[in-house]
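Enquirer: My questions are about this predicted structure, shown below with the sequence.
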Amino acid sequence: MDGPARIAKAFADAKGRAALMPYLMGGFPDVPTSLAIGEAYVDGGADLIELGVPFSDPLADGPVIHAAGTQALEHGTTVDDVLTVCAQLSRRVPVIMMLYANLVLARGADVFARKLADAGASGLIVPDLPLEESDEVLAACDAAGLALVPLVAPTTPDDRMARIGARARGFVYTVSVVGTTGERAALSETFGTLVARAKAATDVPVALGFGIGNPEQAAQAAASGADGVIVGSRLVRAAAESDDPPAAVRALVEGFSAALVA
């Protein structure tokens, strides 16, 4: 089963509820603990995992995830270290790698896509790769059996969203707010409209992320029609603040999962 098929199965297996996709910063607070956190995500009810690769200029990351990535880099975390985490976690759930374009292009799209596939990754998210410059990476991912997952935002015009949706693999990552990642006190009252626009533009599932920080917001996202819910900063913050990060995040993931079931 290739990456797109595995992702599709994970969404289908959610059986009438939104799939839960927690974000994990690879190498934070160190490589072994990040793997343990990922395992705790799965034990807590995660259907898929978004696995971030630390980068020195993470333009889409809010302060919590940025700080985690900085710490991972300071500890010497490499791309290969994160792929080792991917290889372990992908035995249990689909893993979608999230990284920046320089990391792909510096190695060559074909070589890098194959490297991800060999590590068991199912998909790839590149937030700073615009539609107009994505042909090479999309072709490389298709050849390697990976899903290149695009992003859309509240500011994406309908015609552009249609072009993005037509080329989407795996799912469409729908950014709920304008800005970087991070917890919000409340989600936009208009994100239901955004989800509907995204779903009308594509045949793959639509997952909502950015700003979902508690189970109530996750339930709200699912009620809007989102096929998946992505939770990041809340979990990374919990890992940073706890003496037992895997236990702390597992409890949170269980809460998010229960909210989606309800």
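Expert: Yes, it's here.
Enquirer: in the longest helix seen in the chain, what counts as buried?
Expert: With DSSP state H setting the assignment, residue counts place helix 245-261 as the longest helix in the chain. Buried residues in helix 245-261, counted by 16 or more other C-beta atoms under 10 Å: 245, 246, 248, 249, 250, 252, 253, 255, 256, 257, 259, 260. All C-beta atoms are positioned from the backbone trio N, CA, C, and that covers glycine.
Enquirer: Could you pull up the residues touching residue 126?
Expert: With C-beta atoms under 8 Å, 6 or more residues apart in numbering as the criterion, the residues that contact residue 126 are 98, 99, 100, 101, 104, 134, 137, 148.
Enquirer: can you list those residues in TSV and add neighbour count, distance to residue 30 and pLDDT?
Expert: Supplementary listing: these in TSV, determined by neighbours: other C-beta atoms under 10 Å; distance: C-beta to C-beta, whole Å; pLDDT from 0 to 100:
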residue	neighbour count	distance to residue 30	pLDDT
98	26	19	97
99	23	19	96
100	22	21	94
101	17	26	94
104	22	25	96
134	18	33	97
137	21	30	98
148	25	30	98
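Enquirer: Give the ranges of residues in the stretch 101-250 of the chain that sit below the confidence cut-off.
Expert: In the prediction, the stretch 101-250 of the chain carries residues with pLDDT under 70 at positions 177-190.
Enquirer: those strands in it, which residues are they?
Expert: Secondary structure of the stretch 101-250 of the chain (DSSP state E, counting those that start in this stretch): strands at 123-125, 147-149, 151-152, 172-175, 206-209, 228-231.
Enquirer: Could I get those in CSV, plus columns for distance to residue 15?
Expert: Formatted as CSV, the entries for the strands of the stretch 101-250 of the chain read as follows, by distance: least, C-beta to C-beta, whole Å:
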stretch, distance to residue 15
strand 123-125, 21
strand 147-149, 21
strand 151-152, 26
strand 172-175, 21
strand 206-209, 16
strand 228-231, 13
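Enquirer: Out of those strands, which gets nearest to residue 24?
Expert: Distance to residue 24, taken as C-beta to C-beta, is lowest for strand 228-231 among the strands of the stretch 101-250 of the chain, at 10.6 Å.
Enquirer: Show residues contacting the closest one.
Expert: 11, 14, 18-23, 47-48, 50, 171, 173, 205-210, 212-213, 218, 221-222, 253, 256, 260.
Enquirer: and of the strands of the stretch 101-250 of the chain, who's closest to residue 240?
Expert: Residue 240 lies closest to strand 228-231 among those, at 15.0 Å (C-beta to C-beta).
Enquirer: Return the distance of the closest one from the chain's centre.
Expert: For strand 228-231, the distance between its averaged C-alpha position and the chain's averaged C-alpha position is 8 Å (C-alpha atoms, centre = their mean, to the nearest Å).
Enquirer: Same question for stretch 143-161.
Expert: Stretch 143-161 has its C-alpha centroid displaced from the chain centroid by 13 Å (C-alpha atoms, centre = their mean).
Enquirer: Report the buried residues of that stretch.
Expert: Within stretch 143-161, the residues that qualify as buried are 144, 145, 146, 147, 148, 149, 150, 151, 152, 153, 156, 161, counting by 16+ other C-beta under 10 Å.
Enquirer: Nearest residue to residue 38 in space, please, no chain neighbours.
Expert: In space, and not counting its chain neighbours, residue 38 is closest to residue 89: 4.6 Å by C-beta to C-beta, 6 or more residues apart in numbering.
Enquirer: Could you verify my assumption that the one you found touches residue 34?
Expert: No. Taking C-beta atoms under 8 Å as the contact criterion, residue 89 and residue 34 are not neighbours in contact, 9.7 Å apart.
Enquirer: Find residues that contact each of these two.
Expert: When C-beta under 8 Å, 6+ apart defines a contact, the residues bordering residue 89 and residue 34 alike are residue 24.
Enquirer: so how many other residues sit close to the residue lying closest to residue 148 once chain neighbours are set aside?
Expert: The shortest distance from residue 148 to any residue other than its chain neighbours is 4.2 Å, reached at residue 141 (C-beta to C-beta, 6+ apart). Around residue 141 sit 30 other residues, with neighbours defined as other C-beta atoms under 10 Å.
Enquirer: Good, wrapping up.
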